[in-house]
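*Asks:* dropping the sequence and predicted coords here.
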Amino acid sequence: MSKTKYIFVTGGVTSSLGKGIIAASLAKLLQERGYTVSIQKLDPYINIDPGTLNPYEHGECFVTNDGAETDLDLGHYERFLNTPTSQANNVTTGRIYQAVINKERKGEFLGKTVQVIPHITDEIKNRIQILGNTDKYDIVITEIGGTVGDIESLPYIEAVRQLKWELGNNNALVIHLTLVPYLAAAGELKTKPTQHSVKMLMQSGVAPDVLVCRTEHHLNNNIKEKLALFCNVQVTSIIESIDAETIYDVPNLMLNEKLDLVVLKKLQLASDNKPTLTEWNIFLNKHKNPKHTIEIGLIGKYVELHDAYKSITEAFIHAGAVNEVKVKIRWIHSESLTEANVPKKLKGLNGILVAPGFGGRGIEGKIDAVRFARENKIPFLGICLGMQMAVIEFARNVLHLEGANSIEMDDKTKHPVINLMEEQKEVTNKGGTMRLGAWNCSLKKNTKIHTIYNKDLISERHRHRYEYNNAYLKQLTAAGMFASGINPKTGLVEVIELENHPWFIGVQYHPEYKSTVLNPHPIFIDFVKASLENSL
Ligand code: GLN
């Protein structure tokens, strides 16, 4: 049996309390103490993965090296821990049921009636222990999505109850994250919602070991004692989680509250090396004390929900700190852009980023924005669809290939400069069928991208169906848009640049997924640097 210890994080009272950030912050502290930690998210919805979800529903779809389309919390885990996650780190109800139903079809249940308990809960327990059974981790933190009391969370809570009992005391514990609201009219913090939420959890047979309480005001001892008494939790295990200026403050806040110590004590693990968070705090200090401010336009079609671009905005925070610059984002809806209003709407921007996306809505606005960046020599970064738009813009306005387009937007175009990938032609299912995950890319010497990475071969994550059409490579290159990154096996163009432009890069891959606090992404660092130079 593996020696891995398990920590479960549940949420109560409301959603959006930041379980992912608490889990990631605790993991960070445990990592600093010398433990190997992985974090897993269990999502109680029926989609197999969030890949088929509209970004308006759940924000960004994060992609792992091994090609899993996952919840955006996995991005936080990677950014905090600086270690990659994988397929095993995100499990949905859909995936659990799919596995159980597949087994049933194969006859693996030997004639038994297949039920939520034990079959679904067994599958959940297996998924929780997959990471632990690799023997790579001392501690696995499992975040249960949703709020206690939701019908769809019940099998997960039951699986936690069973597992906690099976693993035994000192091997597993439950952290329950709740809200302690402040009633302005009464001038008081209120504990009742937390009491109810803990009661709800206990009705399912799970007693929390630690309460982390989100609050706008400090919890005094009275409040802590009251919570302890009514929730069966030691007073030292009531952890205040006060609203922070940035999510990157939370590891320090949790360190001050001794969350890591409380947890290690309960798991009977040594707690000798006190976390110093040295490198982390160097980043934080730079992030909070910028010497300059720049403004970058983010052109996308889901801009109403900033979470749809989570990894991009976080990558700017990391790269901003390196450059000691505050990166302000001007959110620009691509549907609001026209050729006529682009100069006004993009005026004063120090850099322009055209975001990833799917489908035809708003693409003409993206093309107008690319043209503005190209003609006015403003630093430009196009990511995935943004790179494809840069190719289309150049084909239309420089090569004068009228109606040039991507097959995704116009399958009858005379000039399909962006084509459906060969292996996608047979694909009919939407879920999990894109070109996903990490692929190698060779960088050509004496190009901007080569200077940025200072490497000949890189590996970056992808999520797309369409690709640069090599039939146009010669024409595009001759006119000044050249390919500087190529997939060494397939010849697929992964990076394009422009001659006679200070900083113009389009990447078919998603550099934002690999930017972390301790390892900010070189493209974002250089893009911010170029935008800063452009602002001075
Ligand atoms: N829709 C484009 C494609 O599938 C771009 C995808 C993206 O931006 N992630 O190729």
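*Replies:* Now that the structure is in, tell me what you want to look at. Numbers count the residues shown, from 1 in each chain.

*Asks:* where exactly do the strands run in the stretch 1-150 of the chain?
*Replies:* Along the stretch 1-150 of the chain, counting by DSSP state E, counting those that start in this stretch, strands occupy 5-11, 37-43, 62-63, 69-70, 90-92, 139-144.

*Asks:* please give the element, helix or strand, for residue 391.
*Replies:* helix 385-397 (DSSP states H and E).

*Asks:* please see if that helix touches the ligand.
*Replies:* Yes. Against the ligand, helix 385-397 shows contacts by CB under 6 Å from any ligand atom at residue 385. Quick note: C-beta positions are derived from backbone N, CA and C, even for glycine.

*Asks:* hang on, residue 338 is in a helix, isn't it?
*Replies:* No. Counting by DSSP: H, G, I helix; E, B strand; the rest coil, residue 338 is not part of a helix but coil.

*Asks:* buried ones in the helix holding residue 391?
*Replies:* Within helix 385-397, the residues scored as buried using 16 or more other CB atoms under 10 Å are 385, 386, 387, 388, 389, 390, 391, 392, 393, 394, 395, 396.

*Asks:* please apply the same query to stretch 267-286.
*Replies:* For stretch 267-286, by 16+ other CB under 10 Å, it's 267, 269, 271, 275, 277, 280, 283, 284, 286.

*Asks:* of the residues you listed, which is the nearest to residue 155?
*Replies:* residue 267 (25.0 Å; CB to CB).

*Asks:* correct me, but that closest one touches residue 173?
*Replies:* Yes. Using CB atoms under 8 Å, residue 267 makes contact with residue 173 at a distance of 6.5 Å.

*Asks:* spell out which residues are contacts of both of these two.
*Replies:* Both residue 267 and residue 173 are contacted by residue 7, under the criterion CB atoms under 8 Å, 6 or more residues apart in numbering.

*Asks:* redo the buried residues of helix 385-397 as TSV? Include distance to residue 342 and pLDDT.
*Replies:* Listed next are these as TSV, based on distance: CB to CB, whole Å; pLDDT from 0 to 100:
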residue	distance to residue 342	pLDDT
385	18	97
386	15	97
387	19	98
388	19	98
389	13	98
390	15	98
391	19	98
392	16	98
393	12	98
394	16	98
395	19	98
396	15	97
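
*Asks:* how many residues are close by the nearest residue to residue 159 once chain neighbours are set aside?
*Replies:* Among residues not flanking residue 159 along the chain, residue 124 sits closest, at 3.9 Å (CB to CB, 6 or more residues apart in numbering). Residue 124: 26 surrounding residues under other CB atoms under 10 Å.

*Asks:* repeat for residue 158
*Replies:* 20.

*Asks:* hmm, residue 117 and it touching each other?
*Replies:* Yes. With contacts counted by CB under 8 Å, residue 158 reaches residue 117, the gap being 6.3 Å.

*Asks:* tell me where the stretch 351-500 of the chain has strands.
*Replies:* Counting by DSSP E, counting those that start in this stretch, the strands of the stretch 351-500 of the chain are 351-354, 380-383, 405-406, 416-420, 435-443, 457-464, 466-468, 481-486, 493-498.

*Asks:* roughly how far does residue 290 sit from residue 296?
*Replies:* With the distance defined as CB to CB, to the nearest Å, residue 290 ends up 14 Å from residue 296.

*Asks:* which one's more surrounded, the two?
*Replies:* residue 296 (22 against 15).

*Asks:* can you list the strands that whichever strand or helix holds that one pairs with?
*Replies:* Here residue 296, judged by DSSP H and E, is contained in strand 292-300. With DSSP bridges as the test, strand 292-300 is paired with strand 325-333 (parallel), strand 351-354 (parallel).

*Asks:* distance check, the residue nearest to residue 159 against the ligand.
*Replies:* Separation of residue 124 from the ligand (CB to the nearest ligand atom, to the nearest Å): 31 Å.

*Asks:* which residues touch that residue?
*Replies:* The contact partners of residue 124, by CB under 8 Å, 6+ apart, come to 42, 91, 96, 155, 156, 159.

*Asks:* quick one on the thing from earlier: let me have the strands of the stretch 351-500 of the chain in CSV, extended by mean neighbour count.
*Replies:* Output for the strands of the stretch 351-500 of the chain, formatted as CSV (neighbours: other CB atoms under 10 Å):
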stretch, mean neighbour count
strand 351-354, 28
strand 380-383, 28
strand 405-406, 24
strand 416-420, 22
strand 435-443, 19
strand 457-464, 20
strand 466-468, 23
strand 481-486, 22
strand 493-498, 24
